[in-house]
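> no FASTA, just this:
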């Protein structure tokens, strides 16, 4: 197996892998679970690299780079909880919690704002068309096709 690994993972592969791990970032369109999957995929590749190609990344450093790829506001919530994270699974769970809290606050904010922008007309002859956000003077709302 070492011959195969040596052929397909030349010296310097570990450093390139570490650079890719360090540069991985969670995007807005990516969930935390998707980010975790990508991060774990990269970490799992390290086992195939020969030992003489540098040292493996310790878990505390993996935690540091995992956090660095998360949004700053989440980092501010998670990092003060523990000075230095050493368990990647616990850290991942904290970021999953951040995502759930953000989703709940977004949903609650949308629910509370649902009726705020609909103004009732002052004139009895005016009707408010909720679908087009226009005031219609005595007109019926348009029929949907």
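Thanks, I have the structure now. Being a predicted model, the structure only gives us computed values, none of them experimental.
> so how far is residue 64 from residue 82?
Residue 82 sits 12 Å away from residue 64, going by CB to CB, to the nearest Å. No exception for glycine: its C-beta is placed from N, CA and C like everyone else's.
> Which of the two has more residues huddled nearby?
Counted by other CB atoms under 10 Å, residue 82 and residue 64 do not tie: residue 64 has more neighbours, with 16 against 13.
> Next one: that one from residue 71, what distance?
The value you get for residue 64 to residue 71, if CB to CB is used, is 16 Å.
> same thing with residue 94?
According to CB to CB, residue 94 stands 13 Å off from residue 71.
> This structure: strands as residue ranges?
126-129, 134-137 (DSSP state E).
> weakest of those strands in terms of mean pLDDT?
Among the strands of the chain, strand 134-137 carries the lowest mean pLDDT, at a mean of 53.
> Quick check: longest helix in the protein by residues?
Counting by DSSP state H, the longest helix found in the chain is helix 88-113.
> Of all the residues in that one, which ones are buried?
By 16 or more other CB atoms under 10 Å, the buried positions in helix 88-113 come out as 88, 91-92, 94-95, 98-99.
> pLDDT and distance to residue 52 added to those residues, as TSV?
Shown next, in TSV, are the buried residues of helix 88-113 (pLDDT from 0 to 100; distance: CB to CB, whole Å):
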residue	pLDDT	distance to residue 52
88	94	25
91	95	30
92	96	31
94	95	36
95	96	34
98	95	39
99	96	40
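> just the residues you listed now: which is nearest residue 78?
For the buried residues of helix 88-113, the residue nearest residue 78 by CB to CB is residue 94; the value is 4.8 Å.
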